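**Student:** could you look at this predicted model? Sequence included:
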Amino acid sequence: MKTDSFVTRHVGPQEEDLNSMLGLIGVSTIEELIAQTVPEGIRLKNELDLPPAMSEYEYLGHLKTLARKNKVFKTYIGLGYNESITPSVIKRNILENPGWYTAYTPYQAEIAQGRLEALLNFQTMLCDLTGMEIANASLLDEGTAAAEAMSMLFSVRSRDQKKNEAIKFFVSDQVLPQTISILKSHAEPLGIELCIDSNENFDFSRAYFGALLQYPGKFGAVYNYSEFVAKANENEIKVAVAADILSLVNLTPPGEFGAEVVVGTTQRFGIPLGYGGPHAAYFATKDAYKRNIPGRIIGVTKDMDGRVGLRMALQTREQHIKRDKATSNICTAQVLLAVMAGMYAVYHGPKGLKYIADKVHHSTVTLSNALKKLGYQQNNASYFDTLLIEADAAKVRTLAEAQQINFLYPDSTKVSISLNETVSLSDLNTIVKIFADAVGKSTVEITELAEETTISEANQRVSTFMENEVFNLYHSETELMRYIKKLERKDLSLNHSMIALGSCTMKLNAASEMLPISWEEWGNIHPFVPIDQAAGYIEVLKELEHQLNVITGFAGTSLQPNSGAQGEFSGLMVIRAYHDSRGEGHRNICLIPASAHGTNPASAALAGFKVVVTKTDERGNIDLQDLRDKAEKYKDELAALMVTYPSTHGVFESSIKEITEIIHNNGGQVYMDGANMNAQVGLTNPATIGADVCHLNLHKTFSIPHGGGGPGVGPICAAPHLVEFLPSNPIIKTGGENAIESISSAPFGSALVCLISYGYIKMLGRNGLKKSTCAAILNANYIKSKLEGTFEILYTGEKGRAAHEMIIDCRSFKAKGIEVTDIAKRLIDYGFHAPTVSFPVAGTLMIEPTESESVAELDRFCEALIAIKNEIEQITDIDAENVLKNAPHTLRMVTADIWEYPYSRTEAAYPLAYVAENKFWPTVRRVDEAYGDRNLMCTCPPIEAYMEA
């Protein structure tokens, strides 16, 4: 075995396993299996034009060299990003811990109670700080959260507002520039008219349905918005506020002066800058909008024993239910970052946050006083952490950069300085010295912080916050470490067993890919620093774009979209811009197969397209005749087809080139959903099948960890004719010559985690990438062969093969009273997370083993499913007391004094011998989803309150 070969470590099946695996499948070689799986007409003729693989050791040395090209300055730019301190106990036990970062989205609540509790803490913290009644479990970034607020307020307009076509949305000129750009990209396709102006100029016309304010303003001024909000409310105009989360410790919460929605980022709660992300945005609103809030909400419910349990609320999958009628396409949240931010609040508690906020504010007041002594005019009468100073910007910049310091320079006569929790007296004195030198004066020495405040009494917070027990118990490192570990033990992650989720690709997140995430040279770069200070980042990101171009066969890539859903929206907006540029802006029909992901129709609707659904045939493929009929019917209005390839049913459709040709012949463009790219890399690609643009889920195919439901990155890759429309940023130049507006707040989206995919490609190299794809197809077909005869395999390709995933049909078990959910819950007792339940077909399980799983693990998984099938067959009537209906079985249940079930404790807890070696115990029994939705509770009051609900 080559010990320095990363592919050997990444791919599960070893060389000695291949003969037995291939023999079971019924082929002689991997090449024969691939030939029977991937249609010959779309196979690549040449190997990927990428370098050979680096070893892990070589890669880490390479990345250290690149890291040294980044210049880590002290940065006071602000604009929604501030350096923060990640407590070491959180960094080591969450950020660097696979028990947290390899977990999947908590759809299976019984094995996700730890993350759910951490997210409930996050929601509670937000409700307390914002003064709102309900918050979700995070969004992608502040700019997209603001766009979600605008969209939600547009959708909840009153009947009269809709009748009178109130379509205007006021945006304060104090709002961050990147947020305004994102609002523009979301407003136009929905028919929303933006008005960007000073707060003082707003006339509160009834033509407006909503408004967005920044609190504090982009250059730091704190305004009293009470009168503005009161007038808006009088005129039925709903107000959203983008608020700095740390400032809300000291400032009146927007909920207390009448805001309907509060959004922002929690980045400064212990999350690295990471050149722009990933960071957990927040979205808090009134209880009245609980059925309209985008993203995920964690709610409280009870389990089968009546004990408290947590779960994701039903409406948080609205895009899968409402599809093209959805008001949001959000799928990926930023769970790992939300967990970190929430734990930052748990660690510091209300008193600790007050200390940090006061220190930041008093440092800012002290700096302002010193600069005034030097004769400078400071323009913000009231502020929290940011000053706006009249000065010779060019002179100050030269002196500052010589001291490795970044300020913000709004124009030639102004300098803006945003302070943060890392600032010391020494840092303040360095800043003052720069400004003294700029005017040729002796410096003013600072020896202590002023205790005064510039926040007016009307804007000062008087209400208490974070009084729940969880925020007041874990302030020592010992206690927090134990609390984090207690929660971690409640969650089943990849460090315990395989997570065979179809479409979600839960593969290895290699340690060598993850290690650099913690390095300061990558973590502590502000997204708006001068490009020359981020030379290492730019080299990595440009190379990653090139790598993805080669892999997809396309000409250009944008890394800006920071989730798969954002990638879908971006790709469609690029198509929209292309049609507009050709004078064909009337093209507004988007064809989407019935089997598509729920975010596909939602994204199309948000991009301003009308969705027309096309049929699938009995084999799960696109109905070619129906597609042709509809493409020809709408040929004058056809804008695009959204297609997933291999199909959502896990099949390489041989007619894919004919499908794309039909669309092109009728004037449309082809958007390929990259959810199943793990079966394409090195074998075929989107350009070869005839697509024009695709998004890629870096958290699927390219090994970014799921993090319990985020981070995710969804870059788009485009054919030559679409490259000019790739998305822009208002501060850092990105995108094409005719770029669409921003899709995400940062110019390169969640740049920090792009290092993972860069490393994945570098360490696999051209041969390893192809080998990984082949291994994914091998593993899926191995499971298929093991389960055939026990389960019905729902769809296969023309030669009987699956792609990288396959679907087993569980609908016949209803005759025994068994639903697919029962099988999913019973798998927990066997130590496995369930595959994808009832998607894309109700009553089925979609299984994707990935290339990273060994034969031993595949065998254990198949053994578990076969054993469950035997348990189903033993059910003699529809009995609610069978082992599946009672699954999962908790330790409390199995060790209780009384056991009244018709099967043994051993059958319940240790159904197969291997389970006893590594038993995972769920901490709650099956949760009651319906009860939780009827009694929606999304913060953490005392336990007694849950019991009374």
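**Tutor:** Perfect, I can see it now.
**Student:** OK, contacts around the nearest residue to Ala908 once chain neighbours are set aside?
**Tutor:** Closest residue to Ala908 apart from its sequence neighbours, by C-beta to C-beta, 6 or more residues apart in numbering: His889 at 4.3 Å. For the C-beta atoms, the positions are set from N, CA and C on the backbone; glycine is no exception. Neighbouring residues of His889 by C-beta atoms under 8 Å, 6 or more residues apart in numbering: 829, 908-909, 922, 925.
**Student:** where's the residue nearest to Ala67 when sequence neighbours are not counted, which helix or strand?
**Tutor:** In space, Ala67 comes closest to Glu521 once its chain neighbours are excluded; the distance is 3.7 Å by C-beta to C-beta, 6+ apart. Secondary structure from DSSP states H and E places Glu521 in helix 520-523.
**Student:** hey, C-alpha coordinates of that helix in CSV?
**Tutor:** Extracted C-alpha coordinates of helix 520-523, given in CSV (Å, rounded to 0.1, in the frame of the first residue of the first chain):
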residue,chain,number,x,y,z
GLU,A,520,-4.7,32.5,11.3
GLU,A,521,-3.3,33.3,7.8
TRP,A,522,-6.6,32.0,6.3
GLY,A,523,-9.0,32.8,9.1
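**Student:** and the longest helix that the chain contains, what other elements does it pack with?
**Tutor:** Taking DSSP state H as the criterion, the chain has its longest helix at helix 335-373. Helices and strands touching helix 335-373, by 3 or more C-beta pairs under 8 Å, 6 or more residues apart in numbering; DSSP states H and E, are helix 88-90, helix 98-101, helix 113-130, strand 377-378, strand 386-390, helix 425-438, helix 477-488.
**Student:** describe which strands the helix or strand just after the longest one pairs with in its sheet and in which direction.
**Tutor:** This means helix 113-130. Once helix 113-130 ends, the next helix or strand along the chain (criterion: DSSP H and E) is strand 134-135. Counting by DSSP bridges, the strands paired with strand 134-135 are strand 281-285 (antiparallel).
**Student:** return the alpha-carbon coordinates of stretch 821-839 using CSV.
**Tutor:** C-alpha atoms of stretch 821-839 as CSV (Å, rounded to 0.1, in the frame of the first residue of the first chain):
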residue,chain,number,x,y,z
THR,A,821,-40.4,6.2,8.6
ASP,A,822,-40.5,3.1,10.8
ILE,A,823,-37.6,1.6,8.9
ALA,A,824,-35.7,4.9,9.2
LYS,A,825,-36.2,4.9,13.0
ARG,A,826,-35.3,1.2,13.4
LEU,A,827,-32.0,1.8,11.5
ILE,A,828,-31.0,4.0,14.5
ASP,A,829,-31.1,0.9,16.7
TYR,A,830,-28.6,-0.7,14.3
GLY,A,831,-26.3,2.3,14.6
PHE,A,832,-27.1,4.0,11.3
HIS,A,833,-28.5,7.2,10.2
ALA,A,834,-31.4,6.6,7.8
PRO,A,835,-30.9,7.2,4.0
THR,A,836,-33.0,9.9,2.4
VAL,A,837,-36.7,9.2,3.3
SER,A,838,-39.5,9.6,0.7
PHE,A,839,-37.5,11.6,-1.8
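**Student:** hmm, back to that, for the contacts of His889, name the two members farthest from one another.
**Tutor:** The two members of these with the most space between them (C-beta to C-beta) are Ala909 and Arg925, at 12.9 Å.
**Student:** and the closest residue to Phe569 other than its chain neighbours, how far from Ala739?
**Tutor:** The shortest distance from Phe569 to any non-neighbouring residue, by C-beta to C-beta, 6+ apart, is to Ser603 (4.9 Å). Distance from Ser603 to Ala739, counting by C-beta to C-beta, to the nearest Å: 19 Å.
**Student:** between the two, who's got more neighbours?
**Tutor:** Between Ser603 and Ala739, Ser603 has the larger neighbour count (other C-beta atoms under 10 Å), namely 34 against 19.
**Student:** the more buried one and Asn329 touch, don't they?
**Tutor:** Yes. Between Ser603 and Asn329 there is a contact at 4.5 Å, judged by C-beta atoms under 8 Å.
**Student:** identify the contacts common to the two.
**Tutor:** Counting by C-beta under 8 Å, 6+ apart, the shared contacts of Ser603 and Asn329 are 565, 568-569.
**Student:** ok, and the most crowded of the residues you listed?
**Tutor:** When those are compared by neighbour count (other C-beta under 10 Å), Glu568 ends up highest, at 31 neighbours.
**Student:** quick one: that residue and Ser603 touch, right?
**Tutor:** Yes. Applying C-beta under 8 Å, one finds Glu568 in contact with Ser603, separated by 3.8 Å.
**Student:** could I get the contacting residues of the nearest residue to Ala166 once chain neighbours are set aside?
**Tutor:** In this structure, Ala166 finds its nearest non-sequential neighbour in Phe209, 4.5 Å apart by C-beta to C-beta, 6+ apart. The contact partners of Phe209, taken as C-beta under 8 Å, 6+ apart, are 153-154, 157, 161, 166-169, 236-238.
**Student:** repeat the analysis, applying 10 Å as the threshold.
**Tutor:** Contacts for Phe209 (C-beta atoms under 10 Å, 6 or more residues apart in numbering) come out as 150, 153-158, 161-162, 164-170, 192, 236-238.
**Student:** again with Asn621
**Tutor:** By C-beta under 10 Å, 6+ apart, the residues touching Asn621 are 593, 595, 647, 649, 651-656, 659, 795, 797-798.
**Student:** so which of those residues belong to strands?
**Tutor:** Using DSSP state E, Pro593 are the members of the contacts of Asn621 that sit in strands.
**Student:** any idea which of the contacts of Asn621 the model trusts least?
**Tutor:** In this model, the minimum pLDDT among these belongs to Ser595 (76).
**Student:** how close does that one get to Phe839?
**Tutor:** For Ser595, the distance to Phe839 - C-beta to C-beta - is 9 Å.
**Student:** now His706
**Tutor:** 16 Å.
**Student:** looking at these two, which is more packed in?
**Tutor:** Set side by side, His706 and Phe839 show more neighbours around His706, with 28 against 19, by other C-beta under 10 Å.
**Student:** the more buried one belongs to a strand?
**Tutor:** No. In this structure, His706 is coil, not part of a strand, as judged by DSSP: H, G, I helix; E, B strand; the rest coil.
**Student:** next up, the contacts around it.
**Tutor:** 101-105, 332, 335-336, 493-494, 499, 501, 504-507, 509, 697, 699-700, 712.
**Student:** what number of residues lie near the nearest residue to Arg323 once chain neighbours are set aside?
**Tutor:** Nearest residue to Arg323 in three dimensions, chain neighbours excluded: Pro601, at 4.1 Å (C-beta to C-beta, 6+ apart). Counted by other C-beta under 10 Å, the residues lying close to Pro601 total 27.
**Student:** and the next element down the chain from the helix or strand hosting Pro601?
**Tutor:** In this structure, Pro601 sits in helix 599-606 according to DSSP H and E. The first helix or strand that comes after helix 599-606 along the chain, using DSSP H and E, is strand 610-614.
**Student:** helix 599-606 and that following strand, what's the angle between them?
**Tutor:** If you take axes from the mean of the first three to the mean of the last three C-alpha atoms, to 10 degrees, strand 610-614 sits at 150 degrees to helix 599-606.
**Student:** good, we can wrap up now.
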